[in-house]
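Q: Sharing a model that was predicted from the sequence below.
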Amino acid sequence: MKKSHWVTLLFLASFCQITAQTAPEKTVEKSTELNEVAIIKTKKAIEQKADRTIFNFADQPSLNTGSVLEGIKKLPGLIASDIAGMMYQGKQLDVFMDGRPLNISTNELNAFLEGMPANAIEKIEIITQPGAEFPATSGGAILNIITNKNAKNYLSATYTNSTSFTNYDNLRWRVNNSILLSAKNKYFGWQLNVGQNYRESAIWTSLVKQETTTTLLSKTDADRVGRNNYMKSALTFDLGKDRLLLNYDLTQNNNDSYTLGTGSGFTTNDASVSKGLRQDAVATYQKKFDNAAKKLEFKFNFNSNSNDFSLSPVANNSSTLENGSDQKLYNFKFDYSQPLKFSDEGKLSFGSLYEELLFDATSKGVKNLDYKRRTAASYIELQTRFDKLNFIVGGRGEDYNITGKTDVAELTAFKQFRFFPNASAQYNFNKMIYFNANYNKKITLPSTSALNPNNTNYQNPNVDYSGNPNLQPTIFDNYEVKLSAFDYAFISYNVSSAKNQVINKVSLVNDLVINSNENIPEIKIHSFNVGMPIPYMLFTKGLAETMKMNVNPDTMNFLYVYAGYQYHQIPNVDTNGFWMFNFMSQIVLPKKVKFVANYNYIVPKGNYFYFIAVKPFRNALDLTFSRKFLKDQLTLSIYADDVLNSNQNAFNAYDTPLLISNKMDTRKFGFSLNYKIPTKNKLAKENPNLLNKDKKEDGGIINQ
């Protein structure tokens, strides 16, 4: 075969608009004839941009039938671990929602994402190369969860439901419902999204000391019930050419857990209750100009997040743990950008930010942490193009003033000014194939959940959890090169070098297992990634015949293959890398039934920071059947996750004889439906997002 044919074969599926997770849903808004023009809008299920990858959740039943956390875990290249955080293609993720940082991490973050139904999500952006416009505190990369929809010039409503059950040892139910209402008139637009999530689950955990003899330190059997209610609201007013946007979000959770524990020298029967209330209010003023590429935006954000956790023996009024926390964040920022006269696609952007965060933690009513953080920042960034080359260069200066105290001592203050440069160069072979090289310096400030000295997890006489109020910020140097084609096929290599990396570490002291967070001086994470779609017709019709066909991706059978390799390089630690694989297959059955099979596997024996995987910590086969009815107004899906019941974690903790194992009831069966209530005016024009208006029309920068 000629070399040119190999290249054609490599990118054929991408050229045919095949996606990484499933074929893009093609939304056709048919209407009565108006000068023989129909309005057609096509959504891509995945998009590869120079600085980010965008996954469309709203139209992918294989992703949106469970919780947000379950959907995220299915994304190729992403690792979401309960013990070691969240990472995408070797980069630690800072999680945003609708363009604003959540400011939570680890167990608290996982609980938050587990309590939110995935059918409330429009799309997820993973920004692998955040530029100067983003906070330098974004660290290695940003995962931005976008929950908003589009408002139209008429009342629209969408109802979604997902119901499933697990039957590992007992029948457990998971149900979520939500409704989205929106409308827009000549005076203002509004949007309201309300929903609930009820989730029953179980987890079995064991901690074993493996020395000359094997000792069971702790074995637990936990039944959990999670209840989550949320509301997202928005108002937008057109003030001449300008716009005023008002957003208010509310999330409330009430989770129970009943845990039986046995181990060396003890037997327990405990009940825990975790309650949380998160509120987020934003006011945004957008100044418009005659030139649409020229933009000025002012934004004020207030966020409040309170949590209470208690643990006590069943039928006992005396609490073992009674811990709470309260966090308040104030943020004001402005951003300005304008096109450059000497460059058709060039522009200059600059802006400033001022932010204050106040956090306190209490244990049985006694305040034992008072933490304050102030950040002032400014940035400037230049984008331009010369022939086939695109350039971005920028810098961001941030001044930090971090102070605090525990009930016994003052914290080590962090008062510094730091400069964070970024640069990117992209060579465009044509409109669909490009090569990109990036560098940026970033910082990650310790999350308040990692700083919290109080335990907000289950504990028994042999297991203890604690935060570390004296954690210091982490400095990152991120490098990446990437070759992308037709949005879907890519190959990349990146290195993330970190100083003072915050990691979760498990130690063993006199048969007491201690889970804590600490800084390690240095770590480098190397990551190699490749992904490519392959249409099945290549094997039945051959390359020549496939090239002749006018392919509709909604009716194509294909396989998408992703492979990634990560190596965590830690000084004075002998580490091994590990491979990650994702295989996603779509087959269109008779009657337009779409069958999607998704298999994720991570090879064991590799080091994930200070943990060595004894078993694959992702090993699941998920199946989804979906079909549209009622002129595509109703989408019905039937699904089975982890059908082989093979997803089970087992880790050795570095420099200890500990084996940590856990199994969750991840095998589940269920159905989901999404019903878009028909509207009378089919010719209504879509208007910009209410909840989060992108500042760049091409999706280049999100609000912060």
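A: Okay, I see it.

Q: Please make it C-alpha for all contacts and neighbour counts, starting now.
A: Fine.

Q: number of nearby residues for residue 134?
A: For residue 134, the neighbour count with other Cα atoms under 10 Å is 18.

Q: any idea what it is structurally, helix, strand or coil?
A: coil (DSSP: H, G, I helix; E, B strand; the rest coil).

Q: tell me the phi and psi of it?
A: Note on residue 134: its backbone torsions stand at phi -80, psi 150 [degrees, to the nearest 10].

Q: now do residue 240
A: Taking degrees, to the nearest 10 as the convention, residue 240 sits at phi 70, psi -120.

Q: And the one 5 residues further on, by the same measure?
A: Recorded main-chain torsions at residue 245 are phi -120, psi 130, according to degrees, to the nearest 10.

Q: Start at 57, not 1
A: Yep, numbering from 57; the last one is residue 301 now.

Q: OK, contacts around it?
A: Taking Cα atoms under 8 Å, 6 or more residues apart in numbering as the contact definition, residue 301 lies against 290, 291, 292, 293, 338, 339, 340, 341, 746, 747.

Q: Leaving out sequence neighbours, find the closest residue to residue 383.
A: residue 415 (4.4 Å; Cα to Cα, 6 or more residues apart in numbering).

Q: mean confidence for stretch 593-606?
A: Here stretch 593-606 scores 72 as its mean pLDDT.

Q: now stretch 349-362
A: 93.

Q: Contacts made by it with the rest, please.
A: 332-345, 380-395, 751.

Q: Report the backbone C-alpha coordinates of that stretch in PDB.
A: C-alpha atoms of stretch 349-362 as PDB (Å, rounded to 0.1, in the frame of the first residue of the first chain):
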ATOM      1  CA  ALA A 349     -14.300  40.600  18.400                       C
ATOM      2  CA  LYS A 350     -13.800  43.500  20.900                       C
ATOM      3  CA  LYS A 351     -15.100  42.500  24.400                       C
ATOM      4  CA  LEU A 352     -15.200  43.900  27.900                       C
ATOM      5  CA  GLU A 353     -16.600  42.000  30.800                       C
ATOM      6  CA  PHE A 354     -17.000  42.600  34.600                       C
ATOM      7  CA  LYS A 355     -17.900  39.800  36.900                       C
ATOM      8  CA  PHE A 356     -18.600  39.500  40.700                       C
ATOM      9  CA  ASN A 357     -18.900  36.000  42.300                       C
ATOM     10  CA  PHE A 358     -19.900  35.000  45.800                       C
ATOM     11  CA  ASN A 359     -19.700  31.400  46.900                       C
ATOM     12  CA  SER A 360     -20.600  29.800  50.200                       C
ATOM     13  CA  ASN A 361     -20.000  26.100  51.000                       C
ATOM     14  CA  SER A 362     -20.800  24.600  54.400                       C
END
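
Q: related to what we said a few turns ago, bridged to the residue nearest to residue 383, which residues?
A: Beta bridges link residue 415 to residue 383, residue 427, judged by DSSP bridges.

Q: on that earlier part again, got a winner among the contacts of residue 301 for most neighbours?
A: residue 747 (28 neighbours).

Q: Who are the contact partners of residue 107?
A: By Cα under 8 Å, 6+ apart, residue 107 lies in contact with 183, 184, 185, 186, 756.

Q: Ignoring the adjacent residues along the chain, who's closest to it?
A: Closest to residue 107 by Cα to Cα, 6+ apart is residue 185, at 4.8 Å.

Q: Is it correct that residue 435 is in contact with residue 407?
A: Yes: look at residue 435 against residue 407 with Cα atoms under 8 Å: they come within range, at 5.6 Å.

Q: Now list whatever residues contact both of those two.
A: Joint contacts of residue 435 and residue 407 (Cα under 8 Å, 6+ apart) are residue 189.

Q: Of those two, give the one with the bigger neighbour count.
A: The neighbour count for residue 435 versus residue 407, taken as other Cα under 10 Å, is higher for residue 435 (24 against 20).

Q: which stretch of helix or strand covers that one?
A: Element membership of residue 435 [criterion: DSSP states H and E] is strand 422-442.

Q: quick one, helices of the stretch 157-306 of the chain?
A: Ranges of helices within the stretch 157-306 of the chain are 162-170, based on DSSP state H, counting those that start in this stretch.

Q: and if you look at the chain?
A: 59-71, 117-120, 124-129, 162-170, 504-507, 593-604 (DSSP state H).

Q: looking at these, which has the lowest confidence?
A: Of all those, the minimum mean pLDDT falls on helix 59-71 (a mean of 38).

Q: Which pLDDT value goes with the residue positioned nearest the centre of the chain?
A: By Cα atoms, centre = their mean, the chain has its centre lying nearest to residue 199, at 4.3 Å. For residue 199, the model assigns a pLDDT of 88.

Q: distance of it from residue 620?
A: Noted for residue 199: a distance of 18 Å to residue 620, by Cα to Cα, to the nearest Å.

Q: What of residue 692?
A: 33 Å.

Q: Kindly report the same for residue 322.
A: 43 Å.

Q: In terms of neighbours, single out the busier of those two.
A: residue 620 (23 against 12).

Q: I'd guessed the more buried one sits against residue 585; true?
A: Yes: counting by Cα under 8 Å, residue 585 is a contact partner of residue 620 at 4.2 Å.

Q: what residues are shared contacts of these two?
A: Contacts common to residue 620 and residue 585, judged by Cα under 8 Å, 6+ apart, are 133, 145.

Q: Low-confidence bits of the stretch 257-406 of the chain, can you list those?
A: Per-residue confidence for the stretch 257-406 of the chain (pLDDT under 70) gives these ranges: 399-400.

Q: what ranges do the strands span in it?
A: Assigned by DSSP state E, counting those that start in this stretch, the stretch 257-406 of the chain shows strands spanning 270-295, 298-319, 322-344, 351-369, 377-395, 403-419.

Q: can I have the third one written out in PDB, keeping just the CAs?
A: This file holds the C-alpha atoms of strand 322-344, laid out as PDB (Å, rounded to 0.1, in the frame of the first residue of the first chain):
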ATOM      1  CA  PHE A 322     -12.200  -4.500  67.500                       C
ATOM      2  CA  THR A 323     -15.800  -4.900  66.200                       C
ATOM      3  CA  THR A 324     -17.900  -1.800  65.400                       C
ATOM      4  CA  ASN A 325     -21.300  -0.800  64.100                       C
ATOM      5  CA  ASP A 326     -21.300   2.900  63.100                       C
ATOM      6  CA  ALA A 327     -23.600   5.300  61.500                       C
ATOM      7  CA  SER A 328     -22.500   8.600  59.800                       C
ATOM      8  CA  VAL A 329     -24.300  11.600  58.500                       C
ATOM      9  CA  SER A 330     -22.900  14.100  56.000                       C
ATOM     10  CA  LYS A 331     -24.800  17.300  55.200                       C
ATOM     11  CA  GLY A 332     -23.700  20.000  52.800                       C
ATOM     12  CA  LEU A 333     -25.100  23.300  51.400                       C
ATOM     13  CA  ARG A 334     -23.400  25.100  48.500                       C
ATOM     14  CA  GLN A 335     -24.600  28.400  47.100                       C
ATOM     15  CA  ASP A 336     -23.100  30.300  44.200                       C
ATOM     16  CA  ALA A 337     -24.200  33.800  43.000                       C
ATOM     17  CA  VAL A 338     -22.800  35.600  40.000                       C
ATOM     18  CA  ALA A 339     -23.400  39.000  38.400                       C
ATOM     19  CA  THR A 340     -21.800  39.600  35.000                       C
ATOM     20  CA  TYR A 341     -21.900  42.800  32.900                       C
ATOM     21  CA  GLN A 342     -20.800  42.400  29.200                       C
ATOM     22  CA  LYS A 343     -20.000  45.600  27.300                       C
ATOM     23  CA  LYS A 344     -20.700  45.200  23.600                       C
END
